[in-house]
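A.B. asks: Build me a structure from this.
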Amino acid sequence: MNFEINGGAARLRPVGHFVAVVLMMSGCFNISGVLPLAGASTSDEGGTPGNETTGGNETGTGGCEPSCAEDDTSVPATETTAAPPSDTTGGPPIDTMTGDPTGGDSTTSDSTGGDGSSSGDPSRGDTGASLPQDVSGQFLLAIALSADPSLPLQYIATFDFMPGITGGMLDVELLPLTLEMGSTDFPREPYPPSLIFQDVPVALDGTFSLAIDPMFVAEATNPIIEFDAEGHAIEMDLQILDVDTLCGTLDGTALGVPLAGSTIGAMRVTDTSPQGLPLAFDIACP
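C.D. replies: This is a model prediction of the structure:
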C-alpha cells in the first residue's frame, strides 16, 4: 500500500475488506484511495502485494478545499502591533508601552510668570534670602553710654524703610528728648533739631550703620553731666530684629573719652507724648 500523508495523521479503519485511508489535514479529510487489504491482490505466484496505487495519491492537497490547503504545521506569523501615532499636538512624548506622557521637558515656570528663577515673593531678595522686616514708623531709641549705662540718652526715632533686591534703603530721623540730671523718664519733651540720615543702605540681614561727626548732645538732653557735650567719629551699628525691635552698638569718643562698649536699644511706640512713652525700655540687644 503506497500513500502519502501531507502533514496529517493517518488512520486505518476496516470497512468490509477495505481500508479507508483518512487523511486529516487542518480539519480536512482527504480520501486518497481505496486499497485492497494485504493479500487480497497478489501475483499469480503468491508474491507480495503489488506496488500499484489507485490514484489520488499525488503530492499536494488532494481533494482538500483551498481554505485548508495550507499546512497546519507552519509557524504562526509573528504578531505585530502597530506603533501609536506620533503626537502632533505639541504635548509631551508618549510612552509607547503605557500610553502615558513621559514628562517631556522637566523645566517648569513659576505660576507667577518669568523664568522660574524666583518665586516672585516681594519679601525675598535676589538671592532668595528673606528681606529685612519693614520697620517704618516711630520708636523710642536709647543710647546707654559706657560712661554710665544706667542713664541713657533718649530719642524718638522715625524710620522709613524701602525694600530692595539687596536689602533696602532707610531714612532715619533722631529727635532728642529732654532729661533732667539723673532721670530716665522726665520730662522727655522733644528738643530739636533732629539728626537726619537719608538713603542708608540696609543689608539682607537687617544691618545698617549711621556715622555722625561731630555729634552734639545738649545739656537739656544729657542726664549724665550738666553741660553740653560733643562726640567725634561716632558710629552707630544697628540691626533690625523684627518689625518692632532694633538694637546695636555705638563707638567713638566724647570729651576725649572712648565710647567703646556703648549699646543701643529701640522699641516701637504708638504714642510719642511724654505720658505715652514706656517707663521700661531696651538699651541693648537681647
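
A.B. asks: For S273, what are phi and psi?
C.D. replies: Here is the backbone geometry of S273 (degrees, to the nearest 10): phi -70, psi 150.

A.B. asks: ditto for G182
C.D. replies: Dihedral angles of G182 (phi, psi; degrees, to the nearest 10) stand at phi 80, psi 10.

A.B. asks: Which helix or strand contains the residue lying closest to it once chain neighbours are set aside?
C.D. replies: The shortest distance from G182 to any non-neighbouring residue, by C-beta to C-beta, 6 or more residues apart in numbering, is to P223 (5.9 Å). Yep, even glycine has a C-beta here, placed from its N, CA and C like the rest. Following DSSP states H and E, there is no helix or strand that holds P223.

A.B. asks: from what I can see P223 touches M181, true?
C.D. replies: Yes. Using C-beta atoms under 8 Å, P223 makes contact with M181 at a distance of 5.9 Å.

A.B. asks: These two: who's more crowded?
C.D. replies: The neighbour count for P223 versus M181, taken as other C-beta atoms under 10 Å, is higher for P223 (19 against 11).

A.B. asks: In contact with that one, which residues?
C.D. replies: L151, P152, L153, L179, E180, M181, G182, S183, T184 (C-beta atoms under 8 Å, 6 or more residues apart in numbering).

A.B. asks: So how do I select the buried members of the residues you listed in ChimeraX?
C.D. replies: Buried subset of the contacts of P223, written as a ChimeraX selection, criterion 16 or more other C-beta atoms under 10 Å:
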select :151,152,153,179,184
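
A.B. asks: Serialize the contacts of P223 to JSON lines and add fields for secondary structure and pLDDT.
C.D. replies: Output for the contacts of P223, formatted as JSON lines (DSSP: H, G, I helix; E, B strand; the rest coil; pLDDT from 0 to 100):
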{"residue": "L151", "secondary structure": "coil", "pLDDT": "97"}
{"residue": "P152", "secondary structure": "coil", "pLDDT": "98"}
{"residue": "L153", "secondary structure": "strand", "pLDDT": "98"}
{"residue": "L179", "secondary structure": "strand", "pLDDT": "98"}
{"residue": "E180", "secondary structure": "coil", "pLDDT": "97"}
{"residue": "M181", "secondary structure": "coil", "pLDDT": "96"}
{"residue": "G182", "secondary structure": "coil", "pLDDT": "97"}
{"residue": "S183", "secondary structure": "coil", "pLDDT": "97"}
{"residue": "T184", "secondary structure": "coil", "pLDDT": "97"}
